[in-house]
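S.K.: Got a predicted model here, sequence first, then my questions.
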Amino acid sequence: MSVLMNFAMFPTDKGDSVSHYVTKIIRHLRRSRHPSQLTAMGTLVETETLHEAMTLIDEAYKVLEDDCERVYVSINLDIRKGKSGRIESKIRSIEDKIEGKD
C-alpha cells in the first residue's frame, strides 16, 4: 500500500512569519525516513500505511504543542493498494508527457 499525504501545519498565533515552526516539523519529518518533498504550500510524504501517515501528523503537532496555542492543519490523502514510490513516479509520468515521451 502507498499513502501519499500532502499536509500543511503551522501555528496561527505567532505572527506573519512561521518558518521557524515549520522548520521544526520538517526536521522531525526527515528523521522519520519516509520519502518527502517540501513545497511552497505544504509537504508531500509517502508512507506504507494510513496509520503511519496519521502518526506523522500527531508527531508534527507534538513538535508545536508546547509553544503554540493554536495550530492550523490541512491534510489531503491518496491511498492506493499495491503501489509504492509514487512521489517520484507520479511526477515522472507528467514530466514525460510534457516532454513528449509518452
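M.R.: Arrived safely. Numbering: from 1, shown residues only.
S.K.: can you give me the helices in this structure?
M.R.: Secondary structure of the chain, counting by DSSP state H: helices at 19-31, 50-65, 86-98.
S.K.: Minimum distance to residue 44: which of the ones you listed has it?
M.R.: Residue 44 lies closest to helix 86-98 among those, at 6.0 Å (Cβ to Cβ). In this view, the C-beta of every residue, glycine as well, is placed from N, C-alpha and C.
S.K.: Check the offset of stretch 26-43 from the chain's centre.
M.R.: Put simply, stretch 26-43 sits 6 Å off its chain's centre (Cα atoms, centre = their mean, to the nearest Å).
S.K.: Let's see that stretch as PDB, backbone CA atoms only.
M.R.: Provided in PDB are the C-alpha atoms of stretch 26-43 (Å, rounded to 0.1, in the frame of the first residue of the first chain):
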ATOM      1  CA  ILE A  26      10.300  19.300   8.700                       C
ATOM      2  CA  ARG A  27      13.400  18.400  10.700                       C
ATOM      3  CA  HIS A  28      11.300  15.900  12.700                       C
ATOM      4  CA  LEU A  29       9.700  14.500   9.500                       C
ATOM      5  CA  ARG A  30      13.000  14.000   7.800                       C
ATOM      6  CA  ARG A  31      14.200  11.900  10.800                       C
ATOM      7  CA  SER A  32      11.300   9.600  10.200                       C
ATOM      8  CA  ARG A  33      13.000   8.500   6.900                       C
ATOM      9  CA  HIS A  34       9.700   8.500   5.000                       C
ATOM     10  CA  PRO A  35      10.100   9.900   1.500                       C
ATOM     11  CA  SER A  36       9.000  13.500   1.500                       C
ATOM     12  CA  GLN A  37       9.100  16.600  -0.700                       C
ATOM     13  CA  LEU A  38       8.800  20.100   0.700                       C
ATOM     14  CA  THR A  39       6.800  22.500  -1.400                       C
ATOM     15  CA  ALA A  40       5.900  26.200  -1.100                       C
ATOM     16  CA  MET A  41       2.400  25.300   0.200                       C
ATOM     17  CA  GLY A  42       3.000  22.200   2.200                       C
ATOM     18  CA  THR A  43       4.900  18.900   2.400                       C
END
